[in-house]
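What shape does this take:
(one chain, ligands or ions: 1)
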Amino acid sequence: MPVKSQLTSEVDFDRDGKHHGYLRLPHSVHRSAYGWIPIPVISIKNGDGPVVLLLGGNHGDEYEGQIALNNLARNTTESSVTGQLIILPMANYPAAKAGLRTSPLDQGNLNRSFPGNPVGTPTEMIAHYIESVLLTRADYLLDIHSGGSSMIYHPTLLMTRHIDPEQQQQNFAILSSFGFSRAILFPASPDGSYSSSAAERQNTIAITAEIAGAGTVDADALNQLENGLRAYLGHLGAVPAESPELQRSRQKTQFLEVPSQDYYVYSRYDGLFEAAVEIGAEVTEGQLAGWIHHPDTPMEAPHPIYFDIQATVICKRVPAITQRGDCLYELAAPKT
Ligand SMILES: [Zn+2]
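Below is the predicted model:
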């Protein structure tokens with residue numbers, strides 16, 4: 001018999017209506033012997049229809065998803081839903097409460113923790129609950145990220161490439177419904193530890209969104225996310241579809257892919273990073289990407305960094321202080 005999750009939900013996911021409360025993760029510590037970690041959860045259910053699981057705060061220093069999902073939860077009435085929305089705005093609650101990528105309780109990175117462990121660390125227990133209890137109910141998963149404290153994106157969607165061409169065509173339509181300018185197809189994750197891999201194991205159609213980042217809330221990106229979220233849920237039939245005029249007014253989505261590790265540009269030096277290009281730039285092989293400055297050795301000239309391939313910049317490092325091995329840019333190529 002597989003061990004059951006130790007988390008319990010104050011919300012009954014089988015009940016129609018709009019309900020909110022907490023997932024209780026048992027946590028016995030010095031200041032609270034019989035306490036639990038309160039992970040906020042909202043269920044809006046109205047009969048049969050698509051079940052959509054919406055995650056924010058998978059990484060705790062990524063904020064647009066946390067805000068957009070709470071706005072969605074407050075502004076969505078039960079009668080406007082067909083099927084069910086299950087919303088976890090702070091999926092790795094300890095990390096999100098602390099504003100950190102990983103949990104301060106166990107250093108766990110939720111998006112590297114699937115399929116989790118029902119009797120593991122708090123992060124592993126959350127991963128296990130999401131996969132074994134929530135994803136088994138869900139037809140669709142939207143996991144909303146951003147670049148966190150160290151990176152920044154413009155609103156971009158990520159999805160695993162599907163082997164079935166018919167399903168892939170449907171997935172292109174789902175991605176296009178957001179009206180974001182970019183969507184990137186990925187090969188399946190090699191170790192199965194991402195939410196997208198968990199979704200795949202549970203036959204749930206998963207999209208990961210990267211909204212902005214830099215440990216901030218970008219108002220324009222948040223607005224794009226909120227509009228995209230409504231359009232996506234409308235496309236799935238979980239809320240009323242947008243008018244055809246509104247759908248036509250949305251940006252067309254360019255489909256890209258990240259074919260290999262060569263599309264990540266890393267620093268080979270410790271120092272201060274000065275970027276030479278912005279997100280969205282089309283770069284070519286040999287083009288200057290930036291410099292690493294060495295203020296502790298004034299007579300040492302800055303080291304230039306160059307791009308090795310022709311590509312589009314989709315993500316950029318934000319903090320100046322940089323170590324050898326830090327990612328400076330993520331690049332993408334047109335989809336083949
Ligand atoms: Zn993230």
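
from here on, contacts and neighbour counts on C-alpha atoms
OK.

Just to check, Glu124 is in contact with Gly108?
Yes - using CA atoms under 8 Å, Glu124 is in contact with Gly108, at 7.4 Å.

Which one of the two is surrounded by more residues?
Glu124 (23 against 20; other CA atoms under 10 Å).

For the residue of the stretch 1-150 of the chain found nearest the ion, list the residues it contacts.
Closest approach between the stretch 1-150 of the chain and the ion, counting by CA to the ion: His145, at 4.3 Å. Contact analysis of His145 by CA atoms under 8 Å, 6 or more residues apart in numbering lists Gly56, Gly57, Asn58, His59, Glu62, Tyr63, Glu64, Gly65, Thr208, Ala209, Glu210, Ile211.

Leaving out chain neighbours, which residue sits closest to Tyr329?
If the residues on either side of it in the chain are set aside, Tyr329 comes closest to Lys316, at 4.5 Å by CA to CA, 6 or more residues apart in numbering.

Surely the one you found is in a strand?
Yes - the assignment for Lys316 by DSSP: H, G, I helix; E, B strand; the rest coil puts it in a strand.

so which of the contacts of His145 are also by the ion?
His59 (CA under 5 Å from the ion).

Tabulate the contacts of His145 (a markdown table), appending pLDDT and distance to Ile174.
Putting those into a markdown table (pLDDT from 0 to 100; distance: CA to CA, whole Å) gives the following:
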| residue | pLDDT | distance to Ile174 |
| --- | --- | --- |
| Gly56 | 98 | 19 |
| Gly57 | 98 | 22 |
| Asn58 | 98 | 22 |
| His59 | 98 | 24 |
| Glu62 | 98 | 23 |
| Tyr63 | 98 | 23 |
| Glu64 | 97 | 21 |
| Gly65 | 98 | 18 |
| Thr208 | 97 | 12 |
| Ala209 | 98 | 13 |
| Glu210 | 98 | 16 |
| Ile211 | 98 | 17 |
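
among the contacts of His145, which are in helices?
Glu64, Gly65 (DSSP state H).

Which two of the contacts of His145 have the greatest separation?
For the contacts of His145, the farthest-apart pair by CA to CA is Tyr63 and Thr208; their separation is 14.4 Å.

Looking at those two, which is more packed in?
In this comparison of Tyr63 against Thr208, neighbours counted by other CA under 10 Å, the higher total goes to Tyr63 at 30 against 22.

who touches the more buried one in this structure?
Gly56, Gly57, His145, Ser146, Gly213, Gly215, Thr216, Val217.

how about the first one, what does it touch?
By CA under 8 Å, 6+ apart, the contact list for Gly56 reads Glu62, Tyr63, Gly65, Gln66, Leu69, Leu88, Pro89, Met90, Ala91, Asp143, Ile144, His145.

re the thing from before, for the residue nearest to Tyr329, give the beta-bridge partners.
Ile152, Tyr329 (DSSP bridges).

so it touches Gly290, yeah?
No - using CA under 8 Å, Lys316 makes no contact with Gly290, being 11.1 Å away.

neighbour count winner among the two?
Between Lys316 and Gly290, Lys316 has the larger neighbour count (other CA under 10 Å), namely 25 against 19.

wait, Ile126 sits on Pro115?
No - the pair Ile126 and Pro115 does not pass the contact test of CA under 8 Å, sitting 9.6 Å apart.

Would you mind listing what in the stretch 1-150 of the chain touches the ion?
Counting by CA under 5 Å from the ion, the positions of the stretch 1-150 of the chain adjacent to the ion are His59, His145.

now what about stretch 264-271, what contacts it?
292-295, 303, 305, 307, 320-331.

Drop anything exposed from the residues you listed.
If you count burial by 16 or more other CA atoms under 10 Å, the buried members of these come out as 292-294, 303, 305, 307, 322-323, 326-331.

Farthest pair within those residues?
His294 and Leu331 (25.6 Å).

What's the local residue count around Glu278?
With other CA under 10 Å as criterion, Glu278 counts 13.

That one: what's it in contact with?
Val313, Lys316.

now it: how far from Ser193?
31 Å (CA to CA, to the nearest Å).

Distance check, the residue of the stretch 151-300 of the chain found nearest the ion against Met151.
The ion sits closest to Glu210 of the stretch 151-300 of the chain, with a gap of 7.4 Å, by CA to the ion. Separation of Glu210 from Met151 (CA to CA): 10 Å.

So between those two, which is more surrounded?
Glu210 (27 against 20).

Contacts only, for that one.
Ile144, His145, Ser146, Gly147, Tyr153, His154, Pro155, Thr156, Leu157, Leu158.

Residue ranges in the protein under the pLDDT threshold?
For the chain, the stretches flagged by pLDDT under 70 are 1.
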